[in-house]
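> Show me how the following folds:
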Amino acid sequence: MYNATVYYFNPTCELAVANGSFSYMPPLLLQEMESDLSILPFAFGTEKDFILTENPPSEIFLNSLKNAGLNLPRFCSLDELESMPEGTFDTIVPWGWSPAAHFKLKNLKQKCSEKFKTSPVFNWKTEHRLLYERSTSLNFLHEILNNNPPDWLIDQAMCGEKVESCDEIDTMLSKHSSVVLKAPLSSSGRGIQIIRKSKLNASNKQWISGILKHQNYLIAEPYLEKLIDLSFQFQVKDHSKVDYLGYSIFDTSSNGQYKGTFIHPDLRVLLPDENFTQLREMIDATAGILKEALLKSEYAKYYSGYLGVDALIFRNQNRLMMQPCIEVNCRMNMGVLCLQLENKIDKETSGKFELSLIKPDEFDNDSAIGLKNELKFSNGKIISGYLPLAEQKPNKKFGAYINLGSAK
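Residues are numbered from 1 along each chain as shown. Predicted coordinates for the structure are as follows:
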């Protein structure tokens, strides 16, 4: 009784929060992404759990995941889940909560345990919107920097600012050679523009005006000499308990959009010219600082579930420094998903998790690549090969996979 978790993939949750409507529908392409990749939360589940999907994978594809040593939950539609008896579900874990997610799951929520019904996320509250906003992340960063931080953490003068006009941004550009502009609510590097000139052009101003019209402000940050993007993964539990799960390193485009997450990343390979011991000490210390700050924060008070804090290691005047909080993602993320997958992969094996936009004539690439790079195992763990994590079919536009090199 009450022992199963239902997982639901809705990575457009920030857009839904920004919209605020219970009937919000994301743009068509993003709807297709959510549908094509809807099974991805299987990485968190066990045989007793459920994945909410209207497009269940085929038995052939499920067997490929089972053969990779992955434990699979059941894949069910919303109608199927709502028809199950009382006492089946303990809790629901969407990718992220929003008014739209609460509305979609309203009937299913009533079938969950009393413990879930008393959790901070059972009903949408006005305070929840603030947990997603970048201004809250910025305030969280300032709290850390006001608390006697180590000297390798970013200086207050290098942090972002809340801006509400093009004139404020022009003033910031006069002080810094490049500035990063961010919408209050967006995800995966979207809603971001990097301004590399001393003045805003017409295109910049049009984009800024659109964000200000719908979200009232932006965050403007000095552009930093980034060496590596990383995310610290936590789980906020009942009674404001916070567990540190580990960190992930991810890859982004030149415009800051998410490209993929490294599997078992080796800092000595990614940053061969840097002091490995110093890097490790900075990362470990930052994890501890973030955990302590989270325990005292609004995130622990109003939220429960997975949470990622994006950060970066950068160079400033030949010094290695850490920006410990680019933003707080009050939801699941690809980094914590990869931490789950790493449990099935040999610790000496590295690789990458990636999302892909599939061209119409390339839907069968998985088969060709898979035959060429079959999975290899040692002591029950994957040591190399290629594994698709979402089934590719002619009508699908998005794929996800891990590609692993040989063991080191």
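
> And the chain, split by domain according to the record?
4-124, 131-154+224-337, 158-222, 345-404 (automatic domain parsing).

> JSON lines please, covering the ones you listed and showing mean pLDDT and mean neighbour count.
Heads up, the C-betas are built off the backbone N, CA and C, glycines and all. Output for these, formatted as JSON lines (pLDDT from 0 to 100; neighbours: other CB atoms under 10 Å):
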{"stretch": "domain 4-124", "mean pLDDT": "95", "mean neighbour count": "18"}
{"stretch": "domain 131-154+224-337", "mean pLDDT": "94", "mean neighbour count": "18"}
{"stretch": "domain 158-222", "mean pLDDT": "89", "mean neighbour count": "16"}
{"stretch": "domain 345-404", "mean pLDDT": "83", "mean neighbour count": "17"}
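
> my read: residue 387 touches residue 67, true?
No: using CB atoms under 8 Å, residue 387 makes no contact with residue 67, being 9.6 Å away.

> any residues in contact with both of the two?
Counting by CB atoms under 8 Å, 6 or more residues apart in numbering, the residues touching both residue 387 and residue 67 are residue 375.

> contacting residues around the residue most central in space within the chain?
The structure's the chain has its C-alpha centroid closest to residue 333; by CA atoms, centre = their mean the separation is 2.4 Å. When contacts are counted by CB under 8 Å, 6+ apart, residue 333 touches 231, 233, 306, 308.

> run the last query once more with 6 Å
Neighbouring residues of residue 333 by CB atoms under 6 Å, 6 or more residues apart in numbering: residue 308.

> quick one: it from residue 71, how far?
From residue 333 over to residue 71 the distance is 21 Å, taken as CB to CB, to the nearest Å.

> max-length helix in the protein?
helix 276-295 (DSSP state H).

> nearest residue to residue 270 other than its sequence neighbours?
residue 228 (6.2 Å; CB to CB, 6 or more residues apart in numbering).

> just checking, that neighbour is part of a strand?
Yes: under the criterion used here (DSSP: H, G, I helix; E, B strand; the rest coil), residue 228 sits inside a strand.

> Quick check: bridge partners of it?
residue 313 (DSSP bridges).

> these two touch, right, it and residue 314?
No: under the criterion of CB atoms under 6 Å, residue 228 makes no contact with residue 314, lying 8.4 Å away.

> Return the distance of stretch 191-203 from the chain's centre.
Averaging C-alpha positions (CA atoms, centre = their mean, to the nearest Å) puts stretch 191-203 25 Å from its chain's average.

> now do stretch 280-296
In terms of CA atoms, centre = their mean, the centre of stretch 280-296 is found 19 Å from the chain centre.
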